[in-house]
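Colleague: Just the structure for this:
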Amino acid sequence: MRQGARGIQSIEVGGRILRALVDACEPMMLKDLAQAADLAAAQCHAYLTSLRHVGLVHQDPATGLYSTGNLALRLGISWIACSPLASAALEELRRFSGNTGVMSVLAAWGPDGPTIIHINAGASQGALNVRLGTTFSVTGTATGRVFAAFGNAPEIGDRIAADFDRSLPRSSIGTVLERRDFEKRIEATRACGYSVAEGVPIPRTNAVAAPIFDSGGALQFTAGLIGPEDELPVGPEAQPVRDLLGITARLSGLGAGAPAARAPLRA
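Modeller: As a prediction, the model looks like this:
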C-alpha cells in the first residue's frame, strides 16, 4: 500500500488492542485493556469478540481476563520460520547449547528495545530471570550494547536517552551506567565485534553477545550466551566467546575473522 493510502479503520483499531495486550505481557481485564487501547469498554468488547473468533485473542473462561491467542503465537512462529537467517540462527544456537550445556538466546529489536525471541536452556540455567519476551536495557546489557554499537533502528537513540533519564521507570533488565562508561563499552564492542557482561546485571552470571547481519550488512539479530561466572568465561581468548563469534560470522556470511559492520554511536 502506498504511503498515505486509506486503510481499514476497524483493522487499525483491532491492532491497537493487540498492541496493548503485547505491551502488557500479561492477561488483562476488559476495562484496563479498553483504557490502554483508548476505547470505550463496550466498543473494545465488540472488537475482542471478533478477535477471539479468529484466534488472535483468548479469554480465560474462569477469570474473564484477555490475552493473546493461539493465532498470535502461530504468527510469531511463522515470522521466525519464514526468515532463513532466523531459522539458521536458531539451529546453530540449538546445536551449540546441546553440545556444551550453555544457555543461548536470540534477540531481535522490538517495540521496547532488545527482546528475547528464542531461548535454549543451559544445564545450569538455575534462577536466571530470562524468558521469551524479556526486554534488555540498551545501555546496561551485553545484548543491548550490541544493538547500540551496530544497529540502525531509529528508535535506538530514544532507548539510550530513556536509559540515562533517571526519572523514568525501568521496565527492562539492565545495569545503570554512567554515559562515559557506556561510550567506552560501545567503542570496545565495535573494536572487537562483541560485548560482554561480567556479574551484572545478574549477580554471579556472565554473558557475551555478538551481532548477526543480513546480506546487506544490516543488523538483524543478536546471539548471546548466558551462564554462571565459573562456567562461562568471557575473556577474549575464552572458548565460548570464540565459538559464538564463529557462529555469528557464519550466519552473517562474513567468514572467520571478518570485520563487523560499523554504525555511528547514538546519543
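Colleague: And Pro233, how far from Gln59?
Modeller: Distance of Pro233 to Gln59, given as C-beta to C-beta, to the nearest Å: 48 Å. Just so you know, the C-beta spots here come from the backbone N, C-alpha and C atoms, and that holds for glycine as well.
Colleague: try Val241
Modeller: Counting by C-beta to C-beta - Val241 and Gln59 are separated by 46 Å.
Colleague: Over to Ala42?
Modeller: Taking C-beta to C-beta as the measure, Ala42 falls 16 Å from Gln59.
Colleague: between the two, who's got more neighbours?
Modeller: Taking other C-beta atoms under 10 Å, Ala42 and Gln59 do not tie; Gln59 has more neighbours (17 against 9).
Colleague: For the nearest residue to the more buried one once chain neighbours are set aside, list each beta-bridge partner.
Modeller: Counting by C-beta to C-beta, 6 or more residues apart in numbering, Tyr66 is the residue found nearest to Gln59 once chain neighbours are left out, at 5.4 Å. Beta-bridge pairing for Tyr66 (DSSP bridges): Met28, Gln59.
Colleague: Which parts of stretch 100-120 count as buried, going by neighbours?
Modeller: 100, 102-109, 112-120 (16 or more other C-beta atoms under 10 Å).
Colleague: Locate Gly246 within the secondary structure: which element?
Modeller: Using DSSP states H and E, Gly246 sits in helix 239-252.
Colleague: to the chain's geometric centre, what's the distance from that helix?
Modeller: How far helix 239-252 lies from its chain's middle: 19 Å, per C-alpha atoms, centre = their mean, to the nearest Å.
Colleague: Residues contacting that helix, please?
Modeller: 85, 88-89, 92-93, 96, 100, 102, 193-194, 196, 208, 210-214, 223-225, 227, 232-235, 255-258, 260 (C-beta atoms under 8 Å, 6 or more residues apart in numbering).
Colleague: quick check: mean pLDDT across that helix?
Modeller: For helix 239-252, mean pLDDT is 96.
Colleague: So for that helix, what gets flagged as buried?
Modeller: Buried, per 16+ other C-beta under 10 Å, within helix 239-252: 240-241, 243-245, 247-249, 251-252.
Colleague: then that helix to CSV, C-alphas only?
Modeller: Presented in CSV, the C-alpha positions along helix 239-252 are these (Å, rounded to 0.1, in the frame of the first residue of the first chain):
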residue,chain,number,x,y,z
GLN,A,239,36.4,-20.8,24.0
PRO,A,240,32.7,-19.9,24.4
VAL,A,241,33.5,-16.4,23.0
ARG,A,242,35.4,-17.8,20.1
ASP,A,243,32.6,-20.3,19.4
LEU,A,244,29.9,-17.6,19.5
LEU,A,245,31.9,-15.4,17.1
GLY,A,246,32.3,-18.3,14.7
ILE,A,247,28.6,-18.9,14.8
THR,A,248,27.7,-15.3,14.1
ALA,A,249,30.4,-14.9,11.4
ARG,A,250,29.0,-17.9,9.5
LEU,A,251,25.4,-16.7,9.9
SER,A,252,26.4,-13.2,8.7
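Colleague: just how off-centre is the helix or strand of the chain with the lowest mean pLDDT within its chain?
Modeller: Across the helices and strands of the chain, the lowest-confidence element by mean pLDDT, DSSP states H and E is helix 70-81, at a mean of 83. Chain-centre distance of helix 70-81: 16 Å, with C-alpha atoms, centre = their mean.
Colleague: Show me what it is packed against.
Modeller: Applying 3 or more C-beta pairs under 8 Å, 6 or more residues apart in numbering; DSSP states H and E, one finds that helix 70-81 makes contact with helix 84-100, strand 113-120.
Colleague: ok, which stretches of this protein are strands?
Modeller: 57-59, 66-68, 103-110, 113-120, 195-198, 205-213, 219-228 (DSSP state E).
Colleague: re the thing from before, correct me, but the residue nearest to Gln59 touches Pro27?
Modeller: Yes: assessed by C-beta atoms under 8 Å, Tyr66 is found in contact with Pro27 at 6.4 Å.
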